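Asker: Provide a 3D model corresponding to the input given below.
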Amino acid sequence: QVQLVESGGGLVEAGGSLRLSCVASGSRFRIAVMGWYRQAPGKQRELVASAPTGGSTNYADSVKGRFTISRDNAKNTVYLQMNSLKPEDTAVYYCNANALTVPDLKLFTVWGPGTLVTVSS
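Answerer: Okay, the predicted model is just below:
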């Protein structure tokens, strides 16, 4: 069983920065993709950024140039550096991982509990 734990959320003024972290723990798994989603009040959950293992990163248009996703594969950790934050970035941010069981290579998806990011104007 794999678990994701996020950290780094909080309250920040517009124009400020925050860094989110997410660690995957468990046994007998191999990460295929790690990413961040967010869900604002009254809105659907949306992809913010994703980082496939050995692949190119992907960003939502709304965060391009402001957010940077990175991974430390040795630590099964994904980060989201958020700069130039705007009030519309306010949301619960969820870490997501698509992974494979080892050794049978079955694909599964796991979500973190979420961390709240609030950007004040």
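
Asker: Give me the residue at the spatial middle of the protein.
Answerer: residue 36 (2.5 Å; C-alpha atoms, centre = their mean).

Asker: which residues of this structure fall in strands?
Answerer: 3-7, 10-13, 18-25, 29-39, 46-52, 58-59, 67-72, 77-82, 91-101, 107-111, 115-120 (DSSP state E).

Asker: Next, format these as TSV and append mean pLDDT.
Answerer: Putting the strands of the chain into TSV (pLDDT from 0 to 100) gives the following:
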stretch	mean pLDDT
strand 3-7	96
strand 10-13	98
strand 18-25	98
strand 29-39	97
strand 46-52	98
strand 58-59	98
strand 67-72	97
strand 77-82	98
strand 91-101	97
strand 107-111	97
strand 115-120	98
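
Asker: Could you say which of these is packed most deeply?
Answerer: Among these, strand 77-82 has the highest mean neighbour count (mean count of other C-beta atoms under 10 Å), at a mean of 22. For every residue, glycine as well, the C-beta is placed using N, CA and C.

Asker: Thank you, goodbye.
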